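**Student:** pasting a predicted model and its sequence here:
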Amino acid sequence: KTLKDLRCRPISLKNELYILQMVARASTYALKRYPTSLEDDRKIKCRMHSDARVNPKHLFALRLRMGEKRVLKWHIDLEAFARRCVSAKTIHNLTDEKLVKSEEIFS
């Protein structure tokens, strides 16, 4: 199959927002389980770069952890962005290229 074969339309706006909310909640939970924040990791990385004795595997693990946190944060931000778009009272209708009010979609 090609990527084109896998294209599908959203079930409904309500469903898409619900899924985004669930992913954002799971991402928030996962972020809270890390003992350090992304900002803490950035500071640690700076210290590690200045220390010649640092094991390269430890630096790689830190970079991997930072990447995981950035992906989780991206999902949280995506859900917040989607909520802002819908609360703006108009959204772009994916099916017929016209603007519709969000109340029409949820009714």
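**Tutor:** Done, it's in.

**Student:** now the spatially most central residue of the chain: which helix or strand?
**Tutor:** Residue closest to the average C-alpha location in the chain (CA atoms, centre = their mean): His75, at 1.2 Å. Here His75 sits within helix 56-87, counting by DSSP states H and E.

**Student:** quick one: buried residues of that helix?
**Tutor:** 62, 65-66, 69, 72, 75-76, 79, 82, 86 (16 or more other CB atoms under 10 Å). (Each C-beta comes from the backbone N, C-alpha and C, glycine too.)

**Student:** chain center to that helix, what's the gap?
**Tutor:** 6 Å (CA atoms, centre = their mean, to the nearest Å).

**Student:** counting by contacts, list what it packs against.
**Tutor:** helix 13-33, helix 38-50 (3 or more CB pairs under 8 Å, 6 or more residues apart in numbering; DSSP states H and E).

**Student:** can you put the buried residues of helix 56-87 in JSON lines and add distance to Gln21 and pLDDT?
**Tutor:** Below are these laid out as JSON lines (distance: CB to CB, whole Å; pLDDT from 0 to 100):
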{"residue": "Leu62", "distance to Gln21": "30", "pLDDT": "96"}
{"residue": "Arg65", "distance to Gln21": "25", "pLDDT": "97"}
{"residue": "Met66", "distance to Gln21": "25", "pLDDT": "96"}
{"residue": "Lys69", "distance to Gln21": "20", "pLDDT": "97"}
{"residue": "Leu72", "distance to Gln21": "15", "pLDDT": "97"}
{"residue": "His75", "distance to Gln21": "10", "pLDDT": "96"}
{"residue": "Ile76", "distance to Gln21": "10", "pLDDT": "96"}
{"residue": "Glu79", "distance to Gln21": "6", "pLDDT": "93"}
{"residue": "Ala82", "distance to Gln21": "9", "pLDDT": "88"}
{"residue": "Val86", "distance to Gln21": "11", "pLDDT": "80"}
